[in-house]
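J.: Got a predicted model here, sequence first, then my questions.
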There are 6 protein chains.
Amino acid sequence: MARPDGRSADDLRPVTFSRGWLAHAEGSVLVEFGRTRVLCAASVTEGVPRWRKGSGLGWVTAEYAMLPRSTNTRNDRESVKGRIGGRTHEISRLVGRSLRAVVDEKALGENTIVLDCDVLQADGGTRTAAITGAYVALADAVGYLRERGALKGNPLKDSVSAVSVGIIDGEPRLDLCYDEDVKAETDMNVVMTGDGRFVEVQGTAEGAPFDKAELDALLELAAGGCTQLGVLQAEALGR
Amino acid sequence: MARPDGRSADDLRPVTFSRGWLAHAEGSVLVEFGRTRVLCAASVTEGVPRWRKGSGLGWVTAEYAMLPRSTNTRNDRESVKGRIGGRTHEISRLVGRSLRAVVDEKALGENTIVLDCDVLQADGGTRTAAITGAYVALADAVGYLRERGALKGNPLKDSVSAVSVGIIDGEPRLDLCYDEDVKAETDMNVVMTGDGRFVEVQGTAEGAPFDKAELDALLELAAGGCTQLGVLQAEALGR
Amino acid sequence: MARPDGRSADDLRPVTFSRGWLAHAEGSVLVEFGRTRVLCAASVTEGVPRWRKGSGLGWVTAEYAMLPRSTNTRNDRESVKGRIGGRTHEISRLVGRSLRAVVDEKALGENTIVLDCDVLQADGGTRTAAITGAYVALADAVGYLRERGALKGNPLKDSVSAVSVGIIDGEPRLDLCYDEDVKAETDMNVVMTGDGRFVEVQGTAEGAPFDKAELDALLELAAGGCTQLGVLQAEALGR
Amino acid sequence: MARPDGRSADDLRPVTFSRGWLAHAEGSVLVEFGRTRVLCAASVTEGVPRWRKGSGLGWVTAEYAMLPRSTNTRNDRESVKGRIGGRTHEISRLVGRSLRAVVDEKALGENTIVLDCDVLQADGGTRTAAITGAYVALADAVGYLRERGALKGNPLKDSVSAVSVGIIDGEPRLDLCYDEDVKAETDMNVVMTGDGRFVEVQGTAEGAPFDKAELDALLELAAGGCTQLGVLQAEALGR
Amino acid sequence: MARPDGRSADDLRPVTFSRGWLAHAEGSVLVEFGRTRVLCAASVTEGVPRWRKGSGLGWVTAEYAMLPRSTNTRNDRESVKGRIGGRTHEISRLVGRSLRAVVDEKALGENTIVLDCDVLQADGGTRTAAITGAYVALADAVGYLRERGALKGNPLKDSVSAVSVGIIDGEPRLDLCYDEDVKAETDMNVVMTGDGRFVEVQGTAEGAPFDKAELDALLELAAGGCTQLGVLQAEALGR
Amino acid sequence: MARPDGRSADDLRPVTFSRGWLAHAEGSVLVEFGRTRVLCAASVTEGVPRWRKGSGLGWVTAEYAMLPRSTNTRNDRESVKGRIGGRTHEISRLVGRSLRAVVDEKALGENTIVLDCDVLQADGGTRTAAITGAYVALADAVGYLRERGALKGNPLKDSVSAVSVGIIDGEPRLDLCYDEDVKAETDMNVVMTGDGRFVEVQGTAEGAPFDKAELDALLELAAGGCTQLGVLQAEALGR
């Protein structure tokens, strides 16, 4: 059972990071996982939300959204529907949590960084591309703050990346494209730090429930993928 | 480091199922995990949503919500705010997905069952109690349909239950109450079928990221908890 | 024409108050009027809404809502619809007004008490059960404040209770259950203080308009019901 | 204690009906109770809402609203706020219910009449003016249908009008203007048919609760006012 | 090709201004352009929106809306739909911008004037009637402020009025009524100051695109109309 | 007074069209006017909205939106605010109207084409870039339909483009960038067909009102710009 694009089971799709894609944002990157394209913009503002004022701690949050024609058939805009869907909410929360896992909020000081992850084109793995790209945009926004002398230490304790894995026709595969995603019996998104520890593990049986051995196989595959992504992020950041 | 209520690390809180708690619903149960109390109501309607019409398949979905004073301090109603929060959306989707994992939609025929899980009192683990209780209400609703001869086969392929686990002060613990939940470094919700396979694994590093050994310890603890919950569900259903 | 449950025309249904039903709320009661079950929670917060700040006066308000499967057929959640219906608004306002009629806002000081009345099961008379139960929860919340020395005097000037009355097949009846409610030609909700005076009188001709003699008969029946409810409230509060 | 405009306690304010105020509506009237001005428009459409289709019955409903500067200080538009307030909902429902009390839905056939009552200027008694004026607009819309031969019988079984009464400084007064309304200890809106029976009685203790004698005095005053309004409606309609 | 009401191509419809139409507003006028009737109310409040505080500048803004039965067939209320339509937004912004073009915000000081333009009856040209009438209401509100000594200078630098023009059957016509408006190949709204300069020019090809000669003919017609409207405004204001 | 980027007064910024930017859309283009970047996607669906069914006519509509960090400082998402702003509504309507001016709806048959214009980066002229790019995406979507034999004739009667013009320091300038836009005394957006006729003319005095001579100068400048844009569109489409 060959993969649609001829990759082997443990291959990532071609991954690229185009830094500085936006003129106005303090950090920005157009990240591509194959045909999946997410525009990640980091916006820095002085100060923090009201509930955090005076704490000396910074705040990092994220919003995820899809353009109406990023997908195969057009979806109505959430702004037109007047409400944000459950999936959008869920992914926005996941991206924010993943980034905060590597942020030292004390070192950030009372500054806020909002990561906007807008899916321009979707072909599976939009949430993992968003996390992986958002980290790069976040790193640039932190660099912007450091250059201006706004920070004392380094608020980035580590890097963070994410990848999807799944079982298709009994075979564990890395970084599913859309056609694989809809066929996967089990679907898992794994978020890991640069030092190889887990930030989030979200596995879902889409068809039959899965056992411990399958879970282990998927986690190992994901760990390999995140290691590669960490290297690519570092290269993109010129490190 | 004793637990707040004196349990050992691998003990569930006292779990009770009060079936038939509502006069009108086709299935209903008030489930309690210690002080956490969730009212689960199963509503049966003939027919399925438009996008599924003519497929011969049934549909099971869920909505989760909290009463404003189920928590320690009062929360504004989502109906008053005019929008459903991200957490509510996320849990509603999780509960629905978990139940569908054990439902044979063909055997259900073109019938819809909606599970309403309303948290009357919250003390940690509301989503896992909701899933565990909703299964019992669902089983009663299926029984209602079978008694009326509306089904040919048995749409329940297995049972499903859920439990939270977490690491507190380095110790993996089962079925966290609220005070433990806020202190957990890692927090995981595990949904399992009666035959011991995974439906959902959602682990989140709240503090430091976690490694594979910690993940394995938590999964083992959760598996033990779900086994016990499966026995209690069967007892409650008089099996 | 016997009543569905064999009561005589001037009998209340069995009424029970389960105080302290919720662990977190400063006052709470599960009130039952027959099969109608309303969970009333009183939440105390220091301070008052902005428009009342600096007045020295307290504030008591209420929100009423129904669980989706409290009724015979499931209703969509107002949080999902994104708007509160007219009936919900109307009843929330009625409950708040009824309670404020017996509250000395000066004696309450700049404290706010919110009464949440959530209908768990509906069988007619949910608004009157809500008012009657909310008074008991309010009394407990006031007791909580007094025990902590937060109040100088007693902000409860009197008790308040409510009952529905209606004309079915020409006969005035007390405390209608749902089956009677839908058949009533005239439907009236009466809110009275413990000393037998009126706080609210809301009479509606559902079928033919009613005359003064019918109105008087209904008011007398309601007065008798409220007197009984006042005794039951006092007993529940251990007075 | 003279009234602000010198009336005696049982006097209505000057009441006028300007029929045909709108060119497009099937029935319309600008009704004035003193300085209170409400524009009532009746819109006829063939057919009924979905839930009533095939019943052979018509439907009459109403919507009440206030222009932002109808009041002493400007109120934000409900369209701008994105939600309808409780008071608006409550009054819309009251107006609709009051009109339906005198409509024979069978004689109306499957036609819908919507009554829009927009308060152009408010000086107390806007809901009672709305009901009283809406009846006249409704009568014109029914006339429009009858002239076109769309109806077999007369769907208007009787007329309906409404008036407010209240106790100010211990004195029962008819048809309160705004300055009286805010001072009233007890406030009552009474809706009556042309033959002198009650459709709605809504009495609220704004200050001290009221007793049966006070209630009776207010009802008698209101009955006198509604009798006068019925005569004025008939005159306006040229009967 | 005669016009529906017999006017010649460069005639305005009969225009009337009824000042002081509302008892509460600081300025108000019922403006009529033929059968089009718009109620314009100016509300004065001390202070300015937050973003303008401390600037020493005043603020003038406008809201436009239509009553549900101002039109030939009834439209649903925007408050009921829970959202304001694009057309409403667009016209509200246009009215506000047009008025601000003749206001010296420094001379107004930190005061806010809100112009509510509610269309009671629509027969084409509602936005141009709204602008023309709103200026008169604004002038009265400014007069109110000046009488109370709240202003040092005159914040009105000029008058402003507006008129629609269009090409019907190849003929440029002034001040279109609804029946003409729907037939126009090109439709233009022109807002001009009393001294004959342009504030807004909004031309739209409804059918075939238009050329420069047609544009010039329309602008000349509009200029003539605005000159007449300026004279009528001055007369209405007693100047 | 040199322009910020050294252009002369009648120069366009560098304009580029990247066709086929999206894999899924039937037509798509990333259009750039200098630093302004708008992603235009055309989505084809068979059938038309309900109100147009059976007419034999097609439908073309547009939605315009800005990414939160397309601008200099981040704007809240309209999906998060739960409502679409007036400016967004207005521009969406303008884009749709402009495209429909060159569409033969009969030749399109009962097909719908939705143009999504999402501003990725904003530097003035986003609405004119959106119209100009949307035409190219529309042409590609029409090509897609023609290739599949879904159309009999050519639904594109002409091309359409748009440009902004304004007066800065007394000088009329073409295609304003953001820094010029905020300083413009008069701001005008002009939409023209390929044959040099006007579809929309929207001129606004931001500072002092403008006279006929200024208007004429701006229109001439815009006509020149649109001619150039039409040539660039044709080149991009390989004609």
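T.: Nice, thanks for sending it over.
J.: only C-alpha atoms for contact and neighbour calcs from this point on.
T.: Fine.
J.: for stretch A:221-232, the distance to its chain's centre please.
T.: A distance of 13 Å separates the centroid of the chain from that of stretch A:221-232, by CA atoms, centre = their mean, to the nearest Å.
J.: Let me see the backbone angles for A:G34.
T.: Here the main-chain torsion angles of A:G34 (degrees, to the nearest 10) amount to phi 60, psi -130.
J.: Repeat that for the one 4 residues further on.
T.: Dihedral angles phi and psi of A:V38 (degrees, to the nearest 10) take the values phi -130, psi 130.
J.: Excluding chain neighbours, give the residue nearest to it in space.
T.: Once its chain neighbours are removed from consideration, A:V38 has its nearest residue in A:V119; the separation is 4.3 Å (CA to CA, 6 or more residues apart in numbering or on different chains).
J.: list the helices and strands the helix or strand hosting the one you found packs on?
T.: Counting by DSSP states H and E, the element that carries A:V119 is strand A:111-121. Taking 3 or more CA pairs under 8 Å, 6 or more residues apart in numbering or on different chains; DSSP states H and E as the contact definition, the neighbouring helices and strands of strand A:111-121 are strand A:36-46, strand A:59-66, helix A:126-147.
J.: pLDDT score for the closest residue to A:R197 other than its chain neighbours?
T.: Closest residue in space to A:R197, ignoring its immediate chain neighbours: B:D211 at 5.0 Å, by CA to CA, 6+ apart. B:D211 is assigned a pLDDT of 96 by the prediction.
J.: and B:D211, what is it in contact with?
T.: Remark: with contacts taken as CA atoms under 8 Å, 6 or more residues apart in numbering or on different chains, B:D211 is in contact with A:196-198.
J.: my guess is the residue nearest to A:V38 meets A:R37, correct?
T.: Yes: with contacts defined as CA atoms under 8 Å, A:V119 counts as touching A:R37 at a distance of 6.0 Å.
J.: So the residue lying farthest from the centre of chain A versus chain C, what's the distance?
T.: No residue in chain A sits farther from the centre than A:G54, which is 29.8 Å out by CA atoms, centre = their mean. From A:G54 across to chain C, the span is 22 Å (CA to the nearest CA, to the nearest Å).
J.: Next: A:M188.
T.: With distances taken as CA to the nearest CA, A:M188 is found 29 Å from chain C.
J.: Also A:L215?
T.: Distance, A:L215 to chain C, using CA to the nearest CA: 35 Å.
J.: ok, now A:P155?
T.: When distance is defined by CA to the nearest CA, A:P155 is 37 Å away from chain C.
J.: Please apply the same query to A:G124.
T.: Plainly put, A:G124 is 28 Å away from chain C if you go by CA to the nearest CA.
J.: Surely that residue is in contact with A:V182?
T.: No: no contact is recorded between A:G124 and A:V182 when judged using CA under 8 Å, the distance being 9.1 Å.
J.: More neighbours: which of these two?
T.: Comparing A:G124 with A:V182 by other CA atoms under 10 Å in any protein chain shown, the one with more neighbours is A:G124, at 23 against 13.
J.: List the residues that contact that one.
T.: A:36, A:176-179, A:181.
J.: near chain F at all, the worst-scoring helix or strand of chain A on mean pLDDT?
T.: Across the helices and strands of chain A, mean pLDDT, DSSP states H and E gives its lowest value to helix A:78-81, namely a mean of 91. Yes: residues of helix A:78-81 contacting chain F under CA under 8 Å from any CA of the partner chain: A:78-80.
J.: which strands and helices sit next to that helix?
T.: Applying 3+ CA pairs under 8 Å, 6+ apart, one finds that helix A:78-81 makes contact with helix F:78-81.
J.: How about residues contacting the helix it packs on?
T.: Residues lying outside helix F:78-81 but in contact with it, judged by CA under 8 Å, 6+ apart, are A:77-80, A:82-84, F:84-85.
J.: so which two of the residues you listed are the farthest from each other?
T.: Within the contacts of helix F:78-81, A:I84 and F:G85 form the most distant pair, 16.2 Å apart (CA to CA).
J.: more crowded one of the two?
T.: When A:I84 is set against F:G85 and neighbours are counted by other CA under 10 Å, the residue ahead is A:I84, at 23 against 17.
J.: quick one: average confidence on stretch A:36-53?
T.: If you average the per-residue pLDDT over stretch A:36-53, you get 97.
J.: And the contacts of it?
T.: The set of residues that contact stretch A:36-53 without belonging to it, under CA under 8 Å, 6+ apart, is A:22, A:25-32, A:58-59, A:110-126, A:129-130, A:133-134, A:137-138, A:141, F:69, F:73-74.
J.: where's it relative to the chain centroid, distance-wise?
T.: Going by CA atoms, centre = their mean, where stretch A:36-53 is centred and where its chain is centred differ by 15 Å.
J.: Repeat that for stretch A:60-67.
T.: Distance of stretch A:60-67 from the chain centroid (CA atoms, centre = their mean) equals 10 Å.
J.: who's in contact with that stretch?
T.: For stretch A:60-67, contacts defined as CA under 8 Å, 6+ apart pick out A:77, A:88-89, A:91-93, A:95-97, A:99-100, A:112-121, A:130, F:118.
J.: correct me, but A:A137 touches A:G27?
T.: Yes: in this structure A:A137 lies within contact range of A:G27 using CA under 8 Å: 4.6 Å.
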